[in-house]
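In: quick check, what structure comes out for this input:
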Amino acid sequence: MTVLAFDIETVPDVDAGRRLYGLEGLDDASVVRAMQQLRRQESGQEFLRLHLQRIVAISVAVRTAEWFRVWSLGSPESEEAELVRRFFDGVERFTPRLVSWNGSGFDLPVLHYRALLHGVQAPRYWETGEEDQSFRWNNYLSRYHERHTDLMDVLAGYQGRAAAPLDEVAVLLGLPGKMGMHGSRVWEAWQEGRIGEIRDYCETDALNTYLIHLRYELMRGRLSAEAYAREQAVVADALRADGRPHLLAFLEAWRDAPPPRGAAAGGEG
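Out: Numbers count the residues shown, from 1 in each chain. Sure thing, here's the model as predicted:
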């Protein structure tokens, strides 16, 4: 089965803020400040609820039987509707195993709301067994099925208090972790027109997620130690062949990171 590890980056949906809170006439930055203030009053923190998030990047790390590749959907100029449509079109065409970090708690609900907003159809994604019986016991929507594997949720034993950040788990496993940016700085970068940096950052998060997935497959015996090393080498070779600076920087940081106890250094091959 094709494995598709993914990550999204979002900014506040200023159009929604204007519509819901009567903020017409304010510029985008003022709308966001008002939305965040309202959220602070409601919950004590600024992070906006998921239906008020607008997707600006979707990145994927894909492993098929023949190749591995990392990229961001669409182009830097693509509208949100195109990004969402491309994501669900990929699910429709290839029925991949989706792999995420907190995808059940963030990425997929945001994608649901934005698909609803833009009228994006995704029958394969929403299948639960009525048309394809194989989806009754393994579909994208059930928390406990593997067609979507939320690694953060699974590794925490489905206990929210046991959840860990992607960056910290990646670094513990000898991976680069966050590179070049942080989710809290995406809105600032978006305002400054730095969409290329946002997409690059999103791709490295998708890469970290995929490489943690390989380690997870090793842990549960789906990969032997030899197969795990081969799969790491496939990723390293693909990054080297791609040649884009942020992927080469990821490869170098991976190669130089201290390996976890009892494991060989990463990025070899």
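
In: what's around the nearest residue to residue 240 once chain neighbours are set aside, how many residues?
Out: The shortest distance from residue 240 to any residue other than its chain neighbours is 6.3 Å, reached at residue 251 (Cβ to Cβ, 6 or more residues apart in numbering). C-beta coordinates here come from the backbone N, C-alpha and C atoms, glycine included. The number of residues packed near residue 251 is 21, by other Cβ atoms under 10 Å.

In: if you count neighbours, what's buried in the host helix or strand of residue 251?
Out: Following DSSP states H and E, one finds residue 251 within helix 245-256. For helix 245-256, a neighbour-count test (16 or more other Cβ atoms under 10 Å) marks 246-247, 249-251, 253-254 as buried.

In: just checking, what packs against that helix?
Out: helix 195-219, helix 225-242 (3 or more Cβ pairs under 8 Å, 6 or more residues apart in numbering; DSSP states H and E).

In: state the phi and psi torsions of residue 61.
Out: Backbone torsions for residue 61, taken as degrees, to the nearest 10, come to phi -120, psi 110.

In: now do the same contact list for it.
Out: Going by Cβ atoms under 8 Å, 6 or more residues apart in numbering, residue 61 touches 4-6, 68-70, 203, 206-207, 209-210.

In: what's the neighbour count on the residue lying closest to it once chain neighbours are set aside?
Out: Spatial nearest neighbour of residue 61, chain neighbours left out: residue 210 (3.9 Å); criterion: Cβ to Cβ, 6+ apart. For residue 210, the neighbour count with other Cβ under 10 Å is 24.

In: residue 210 and residue 230, how far apart?
Out: According to Cβ to Cβ, to the nearest Å, residue 210 stands 15 Å off from residue 230.

In: can you give me the helices in this protein?
Out: With helices called from DSSP state H, the chain shows them at 14-21, 28-43, 80-94, 108-118, 123-126, 151-155, 166-172, 186-191, 195-219, 225-242, 245-256.

In: residue 145: which of these is closest?
Out: Closest of those to residue 145 is helix 151-155, at 10.9 Å (criterion: Cβ to Cβ).

In: list the helices and strands the closest one packs on?
Out: Helices and strands touching helix 151-155, by 3+ Cβ pairs under 8 Å, 6+ apart, are strand 97-100, helix 195-219.

In: give the contact list for residue 244.
Out: Neighbours of residue 244 in contact, by Cβ under 8 Å, 6+ apart: residue 200.

In: quick one: the helix holding residue 251 to helix 225-242, angle?
Out: Calculated by axes from the mean of the first three to the mean of the last three Cα atoms, to 10 degrees, helix 245-256 forms an angle of 150 degrees with helix 225-242.

In: pLDDT averaged over helix 245-256 - what is it?
Out: The pLDDT scores in helix 245-256 average 95.

In: got the angle for that helix vs helix 195-219?
Out: Using the same axes, to 10 degrees: helix 245-256 against helix 195-219 is 40 degrees.
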